[in-house]
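Chemist: pasting a predicted model and its sequence here:
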Amino acid sequence: MILAARAVIFAAFALIAVGIGACSIFVDHRADQCGSDADCAKFANHPICQNGVCISSGLGPSGCFFGTPHTPDEFLNACTTSTCIPFDNCAHGLCGDGASADLTPPDAGAPAAADAGAPADAAGPSLPACADPVARPQVIYLTGSSNFPVLLAKLGPLIIKNTGYTPVYQVSSSCDGVKSIFSTQAKDHFIADPPTGTTNPAATYVTPTGNLVPCSLGGTGPGGVRVDVGESDIFSTTCAGYGPPSGDVGEYLGPIQAMLFVVPSTSSQKAISAEMARAVFGRGGAQGLTQPWVNPALYFVRNPNTGTQQMIAHAIDVPAEQFWGVDRGSAKSVASLLTVLSSGADHVSAEQAIGILSNDYYDADRGNLTALAFQAPDQLCGYLPDSTAFKTDKRNVRDGHYPIWGPLHFFANTAQGIPISPAAQAFVSVVAEPEPEPDLLDAYIDAGLVPSCAMSVQRSTDLGAVSAYAPPVMCGCHFEARLNGPDAAPPAGCAPCMTASECPDPAFPACHAGFCEAH
C-alpha cells in the first residue's frame, strides 16, 4: 500500500533521530557514499540512502522479506518498522512433534459448555416498543454477532439521519445472522422477544445520538418480526449448511474486523503463537505445557456459531466446536469478566486467564485488557493488529502482518439484485456506497474497524490466502488523520485537498475524503 510505504520511510527517519540501528557500525559517513537506496544494499538490515549516507531504515525483524510481497508467507514476514514480539515454542515443548500433537476435545469432565457470566438485559413488559408510530415509525430489523453493537452505536445515527429508518438489533450470532436470510424455513427469518425470566438479551434500538436502548420487538404473531438484514463476522460458507450467496440473497461487505487473544491488564503475558493457542484451546492446556494458561475454567471463549471463535479456529487449526473453555455468552461478557479479573486481587487467576475477543471491544477498554501479539506458523515473530501497543493504526491488519481478520458481512433477501425489504434497501444505501463519504468512514474508524479502502491486502474466505489489494477508492490518509485527531498535522506523506485539481503529483492524483490518494 502506498500509504504504508510512506509510513515506513517516515518511521525510518524517526528511528534515525534516536540512534536506532547503530549506523556507525556499517557506514563511513562520506557524503558520496550513496546516490540511491540500491547503493546501500551491500550493508545488512536494508539501510536507506539519505543525504549521500547509508543510514538504518529501522526495518526488521532479522531475516525478514525485503521487497514487494506476493505470497502469504511474504506478507507475514515482510520487513516492517512495527513492533515484533517473538514467542518461543520450544521453551514450552511445542516445537517439532510437540507442535502437531493430537487434539484433545473436551469431555464430560470439562467446564460447562455455556455460562453467560455477566448478566444481560432481559426483555420484559416495561421495555418500550422497538417500533413506535411516532418516535420510530420506520425501523430496520437486524440480527447477528454480539460484536456488532459497538459499530451499530456509531453507524445508527448516520442511518437515521440519511434514511429516516431506525436500526433495531437483536444479538444472536454470526451464523444465526446468516440463517435469518439464507434459511429455507420461514420461522428462521423472524426474531422475537426472549422468554420472560431468561438472561437472553433484549433487542435494542439506536437513538440519533448513538445510544442503544433495550426494547420489546412485539410483532404480529408468535414468530415476532421479520429480519431485514442478517449480520455476520464471517463468510456464509463458514457456517454449517450454507453456501455462498446466490439467487435471492444479496451480500454487502462492510469494514474489516480483527479478532484477538486478550488477557487481563495485570497479566505479564505479551504474545502467543498459533502452536501455543492450539495447545491451550485444542488440548486443554496439554497437561501443563501451556503455562500460565493451564486452567480451562479460565478460558473465556464463545461457541461455534460465532465469528470470533470461527476465525480463531481457522488461525490455530482447532475445530470451532472442539474448543476447551467456557462460553461467556457474548463479546461484552468476555470483556467484562476479564476486566473484573484485571481489577481484582486474585493475581493467580488473572495470570491464568485468556480470552478471545473482537478488536472493537478491546479498543474500547484497553485500560483493563491486554492484546497478545500473535505469531502464525512459520512467522518470524508475533504482531499486534497495531504497529505498537500504544497505537490504534491497525497497520499490521492493513498490510498482512496480523492474520486474524475479515470483513463484516450484511445479507438481505433480494429480487433481481435489489433488496426486497424497503428497510434493507435503506440500510444498504448507506453501508454499500461505492465511494464512501467521510462520515461513514469515521463511523467505521471510531468503532475500531478498518474501512476496506484503507487496506492493502484482501482475502476471499475466512483466514484464506492473503493477496495484494489496491482499492478502487483509497482512504488511507483519511484513516490515519482520523486517528491522529482534528488538531494534528496531516499524516506524513499525505496532502490535504478539496478537489483533484489540488493533487498535482501523478502518483496521487485523486482527491478522496480530504486527501490526495493514488486512486
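Modeler: Perfect, thanks for sending it.

Chemist: quick one: low-confidence parts of the stretch 201-350 of the chain?
Modeler: 219-222 (pLDDT under 70).

Chemist: strands along that one, start to end?
Modeler: 203-206, 212-215, 225-226, 229-232, 249-264, 271-273, 299-301, 326-327 (DSSP state E, counting those that start in this stretch).

Chemist: okay, these, which one's buried deepest?
Modeler: Of the strands of the stretch 201-350 of the chain, the one with the most neighbours on average (mean count of other CB atoms under 10 Å) is strand 229-232, at a mean of 30. To be clear about C-beta, it is placed using only N, CA and C from the backbone, and glycine gets the same treatment.

Chemist: name every strand pairing with that strand and say which way it goes.
Modeler: strand 139-144 (parallel), strand 405-415 (antiparallel) (DSSP bridges).

Chemist: using CSV, write down the CA coordinates of it.
Modeler: Output of strand 229-232 as CSV, limited to C-alpha atoms (Å, rounded to 0.1, in the frame of the first residue of the first chain):
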residue,chain,number,x,y,z
VAL,A,229,-30.7,-7.7,7.4
GLY,A,230,-28.6,-10.5,8.8
GLU,A,231,-25.1,-9.5,10.0
SER,A,232,-22.1,-11.9,10.3
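
Chemist: output whatever helix or strand P157 lives in as PDB, nothing but the C-alphas.
Modeler: Secondary structure assignment for P157, by DSSP states H and E: helix 148-163. Only the C-alpha atoms of helix 148-163 are listed here, as PDB (Å, rounded to 0.1, in the frame of the first residue of the first chain):
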ATOM      1  CA  PHE A 148     -21.800  -5.600  16.100                       C
ATOM      2  CA  PRO A 149     -23.300  -3.300  18.700                       C
ATOM      3  CA  VAL A 150     -20.100  -1.300  19.000                       C
ATOM      4  CA  LEU A 151     -20.300  -0.400  15.300                       C
ATOM      5  CA  LEU A 152     -24.100  -0.100  15.400                       C
ATOM      6  CA  ALA A 153     -23.800   2.700  18.000                       C
ATOM      7  CA  LYS A 154     -21.600   4.700  15.600                       C
ATOM      8  CA  LEU A 155     -23.400   3.700  12.400                       C
ATOM      9  CA  GLY A 156     -27.000   4.100  13.700                       C
ATOM     10  CA  PRO A 157     -27.100   7.900  13.900                       C
ATOM     11  CA  LEU A 158     -25.900   8.100  10.300                       C
ATOM     12  CA  ILE A 159     -28.600   5.700   9.100                       C
ATOM     13  CA  ILE A 160     -31.300   7.600  10.900                       C
ATOM     14  CA  LYS A 161     -30.100  10.900   9.500                       C
ATOM     15  CA  ASN A 162     -29.700   9.700   5.900                       C
ATOM     16  CA  THR A 163     -32.800   7.500   5.600                       C
END
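
Chemist: for that helix, which outside residues touch it?
Modeler: For helix 148-163, the external contacting residues (CB atoms under 8 Å, 6 or more residues apart in numbering) are 140, 142, 165-167, 169, 171, 204, 206-212, 231, 233, 254-255, 332, 358, 360-361, 364, 408, 426-427, 429-431, 439-440, 442-444, 446-449.

Chemist: for stretch 279-291, same thing?
Modeler: Taking CB under 8 Å, 6+ apart as the rule, stretch 279-291 contacts 92-94, 98, 101, 103-104, 106, 110, 272, 276, 293-296, 299, 301, 312, 316-318, 322-325, 354.

Chemist: are any of those residues buried, and which?
Modeler: Buried residues within the contacts of stretch 279-291, defined by neighbour count using 16 or more other CB atoms under 10 Å: 92-94, 101, 104, 106, 110, 272, 276, 293, 295-296, 299, 301, 312, 316, 318, 323-325, 354.

Chemist: coming back round to it: so which of the strands paired with strand 229-232 is nearest E517?
Modeler: Nearest to E517, of all those, is strand 405-415, at 20.4 Å by CB to CB.

Chemist: immediately after the closest one, which helix or strand?
Modeler: Strand 405-415 is succeeded, C-terminally, by strand 418-419 (DSSP H and E).

Chemist: what is that following strand packed up against?
Modeler: Other elements packing on strand 418-419 under the criterion 3 or more CB pairs under 8 Å, 6 or more residues apart in numbering; DSSP states H and E are helix 422-431.

Chemist: ok, C477 - how many residues close by?
Modeler: A count of nearby residues for C477, using other CB atoms under 10 Å, gives 27.

Chemist: buried set for the helix or strand containing it?
Modeler: Using DSSP H and E, C477 maps to helix 476-484. Within helix 476-484, the residues that count as buried by 16+ other CB under 10 Å are G476, C477, H478, F479, E480, A481, R482, L483.

Chemist: any chance of JSON lines for the residues you listed, columns pLDDT?
Modeler: Shown next, in JSON lines, are the buried residues of helix 476-484 (pLDDT from 0 to 100):
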{"residue": "G476", "pLDDT": "95"}
{"residue": "C477", "pLDDT": "96"}
{"residue": "H478", "pLDDT": "96"}
{"residue": "F479", "pLDDT": "97"}
{"residue": "E480", "pLDDT": "95"}
{"residue": "A481", "pLDDT": "96"}
{"residue": "R482", "pLDDT": "96"}
{"residue": "L483", "pLDDT": "95"}
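
Chemist: understood, closing this out.
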